[in-house]
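[1] curious how this folds, go ahead:
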Amino acid sequence: MFGVLRLFLTSAAALAVSLWLLPGEQIGADAETVLLVAASVLAIGALLRPFLTQLIVFTGPIGLLVAGLLADAVILAAALAVVPGVAPFSFSELVLAAWGAVAVAAVLNWLFDSSTDDAFFSQVLGRAIRIARRESASGPGLLVIQLDGVGADTLRQAVTSGSSPTIGRWLRSGDYRFRTWHTGVPATTPAGQAVLLHGDTYEVPAFRWYDKDSGRPFVSSRPEDVAVVQQRISTGRGLLADDGVSVSNQYSGDAPTALLTMSSAGIPRDHGLAAFMTTSAGFARSVVLMFGQMITEIYQGRRQRRRAVIPRVKRSGNFVLLRGLTTVVLRDLNVQLVSEHMARGAPVIFVDFVDFDEVAHHAGPARPESLKAMEGLDRVIGFLSEVADEVGRDYEIAIVSDHGQSQGPTFRQLSGATLAEVVDLLAALPARRAHHDDQPAELWGPANMLSESAPGTGRLIGAAARTVAVGSGGSGSPLGGGVDEDRPIVVMASGSLAHLYLRDAEGIASRDAVDARYPLLVQGLAQHPHIGLVVTHAEGGLRVDGATGWRLLGPGSGEVLDGSGIDPLLDYGPFAADDVRDVATRAHAGDLVVMGRYDADLDEVVAFEELVGSHGGMGGGQTEAVFLHPSNWRVDRPALRGRDVHDILVGRLAEQGLRFS
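    The predicted model follows:
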């Protein structure tokens, strides 16, 4: 009852302010008329929104576009038509009044709650309860929530600092176990999701790489490239193969229902998406809050500059818009879609929330704004737990991440040149006409995904996503791959990891072949002060060169066969030899594999892209991901890798009777 009263009063206040700001006097100044209009909006909205939702599902992208822009205006027009004494409104006045009311309501809810989520969560939960009662689904279920880029060190900090009270309560009560899993190299989302969703540990060597067979780059923020990888890693029996739902992932896990999934870009006619576009606390509210998040980003970026925080990177331009898109619109849409399919009884759902990863790339994973992102994710986890309590299926919730992040300066900041420029100098190649090897590719994945689905996400969001995608080198742009057609050496950087390819060398070029063509290249890179190590294929195994020593690793294991000087792997941890072997022997690995220098004293890693928080290679927390599962699960493996986590999740589904052979 209180919720209904609050909704009514908030709507009335929002309408009053919005109408007062409009020129002219279509509505009298008396409070009675405004209250009557507010009551009519709520009543007519309750009647019309289910009809609008069904209409959108039927009409597809065109209906989504119209609903995103005009649903609230249509409801307001109907309410004004039944209230006596109201002067006619023009079409533009209706749209302005409706969107103005949404903006004012968002501000009022923020003042009431010190949070902008409660009104939205309440509306989503109410819809989920109504659907669950109608669907009558029962039995066990599994919801896997991926916190993109949240490493074990970050999650522990968030719990101990109070930024993640829900997760902290689960752990302290003994209901959940906190486990870590070692990602190895590459420590990046496409590799992490390839193993978590499909059990594959071979096909993805980095976030972006060069395919010698096809003669083109692959970039994991381009839907067309991700679709090719999906075909390579799919066996038809991925984690979500049995009636599962994939939400906002790189790959589908072979789910029959894939929503906002990069490998199958495009938005189907989904009831959850339609509800998000039509509800008063859905799409329109998210757009308003998106601009609020953009203002916050501008302020926080300026604050870093004023305080001369080191290390830092530029936080203006497209990233301001990108942060608003990913931390508000995409997160809210994910919550709506997951809740919808939980209510409809999907047996297994896997969703990826990118909030922390996006913010931490530019702010730094240890910075206050990144921990603030953890607060929002914790609220989402708490809310989805509430949904699980209300729907028909008895959902268990597991929390995973795909990798962590490591903080540090960038290669260009320290060297005054990009890695590609250093390679050209050492190889005695002409200067490049343009170089994009240090421009972050991963950040633009969500924008490219929304851009591909732009007809169904509203004209404003679609245009914004296309602006970011084009500005960042989205689909079809050379920036996305960083490859110049006339360059004999291709440099593909992914965080603190880079693959170098000799374009005209068939297969993997040996160390001798590299030295014969470019005698200064390997040693020049290995002795560079901001490069940690260089891996090449030598006779008898893999040779790892550093500034003051080298090691020869056996071909079938991390066993050291030979070497001299200081071990270049020493600072990278006990798994470094195995990690180097794994990445160097993956499909489409470079002829040279290069890692940014790791400073063990400061726990900082040098990134080849312009990111203060990076991942991909080795050093720091980037290779230590998290796996939180209910304490009653039988997990008897002391040390976990990605394939172990995949097998545990598949095994749990089998125990629940949700996995079919």
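[2] how is this protein divided into domains?
    Following automatic domain parsing, one finds the domains of the chain at 2-114, 411-440+480-620.
[3] which stretch in those domains is the model least sure about?
    Note on the domains of the chain: lowest mean pLDDT is at domain 2-114, with a mean of 58.
[4] distance from stretch 599-609 to the middle of the chain?
    Relative to its chain's centre, stretch 599-609 lies at 23 Å (Cα atoms, centre = their mean, to the nearest Å).
[5] phi, psi for the residue nearest in space to the middle of the chain please.
    Of all residues in the chain, the one closest to the mean position by Cα atoms, centre = their mean is residue 354, 2.8 Å from it. With angles defined as degrees, to the nearest 10, residue 354 sits at phi -100, psi 10.
[6] and the residue nearest to it when sequence neighbours are not counted, what's its pLDDT?
    Leaving out its chain neighbours, the residue that sits closest to residue 354 by Cβ to Cβ, 6 or more residues apart in numbering is residue 148, at 4.4 Å. Every residue, glycine included, has its C-beta placed from N, CA and C. pLDDT, residue 148: 98.
[7] residues contacting residue 148?
    When contacts are counted by Cβ atoms under 8 Å, 6 or more residues apart in numbering, residue 148 is found next to 189, 352, 353, 354, 355, 356, 357, 401, 402.
[8] identify those among those that sit within helices.
    189, 355, 356, 357 (DSSP state H).
[9] contact partners of stretch 647-654?
    For stretch 647-654, contacts defined as Cβ under 8 Å, 6+ apart pick out 142, 144, 196, 199, 239, 242, 347-348, 396, 398, 627, 629, 633, 635, 637, 659.
[10] show me which positions of it end up buried.
    The neighbour-count check on stretch 647-654 (16 or more other Cβ atoms under 10 Å) flags 648, 649, 650, 652, 653 as buried.
[11] now that stretch: mean pLDDT?
    Over the span of stretch 647-654, the pLDDT mean works out to 98.
[12] could I get the CA-only coordinates of it as PDB?
    Output in PDB follows, covering the C-alpha atoms of stretch 647-654 (Å, rounded to 0.1, in the frame of the first residue of the first chain):
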ATOM      1  CA  ASP A 647      32.700 -28.900 -15.200                       C
ATOM      2  CA  ILE A 648      31.500 -28.000 -11.700                       C
ATOM      3  CA  LEU A 649      28.600 -25.900 -13.200                       C
ATOM      4  CA  VAL A 650      27.700 -28.600 -15.700                       C
ATOM      5  CA  GLY A 651      27.900 -31.200 -12.900                       C
ATOM      6  CA  ARG A 652      25.600 -29.200 -10.700                       C
ATOM      7  CA  LEU A 653      23.000 -29.000 -13.500                       C
ATOM      8  CA  ALA A 654      23.300 -32.800 -13.900                       C
END
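[13] how far off centre is it?
    On the basis of Cα atoms, centre = their mean, stretch 647-654 sits 24 Å off its chain's mean C-alpha point.
[14] how near is the nearest residue to residue 414 once chain neighbours are set aside to residue 607?
    Leaving aside its sequence neighbours, residue 414 sits nearest to residue 530 (Cβ to Cβ, 6+ apart; 4.8 Å). Distance from residue 530 to residue 607, counting by Cβ to Cβ, to the nearest Å: 10 Å.
[15] cool, and residue 207?
    12 Å.
[16] and what of residue 499?
    15 Å.
[17] helices of the stretch 451-600 of the chain, start to end?
    Ranges of helices in the stretch 451-600 of the chain, per DSSP state H, counting those that start in this stretch, are 459-471, 511-517, 521-526, 576-584.
[18] mind checking how far the last one is from the chain centre?
    Same thing as helix 576-584. 26 Å.
[19] helices and strands around it, which ones?
    Helices and strands touching helix 576-584, by 3 or more Cβ pairs under 8 Å, 6 or more residues apart in numbering; DSSP states H and E, are strand 531-538, strand 541-545, strand 549-553, strand 592-596.
[20] name the residues that touch the first one?
    If I follow you right, that is strand 531-538. If you take Cβ under 8 Å, 6+ apart as the criterion, strand 531-538 is touched by 508-512, 514, 522, 525-526, 542-546, 552, 568-569, 571-572, 580, 583-584, 591-598, 606, 618-619.
[21] just the buried members of those residues?
    By the neighbour-count criterion of 16+ other Cβ under 10 Å, the contacts of strand 531-538 include these buried positions: 508-511, 514, 522, 525-526, 542-546, 552, 568-569, 571-572, 580, 583-584, 591-598, 606, 618-619.
[22] burial measure for residue 634, as a count.
    Counted with other Cβ atoms under 10 Å, residues neighbouring residue 634 total 8.
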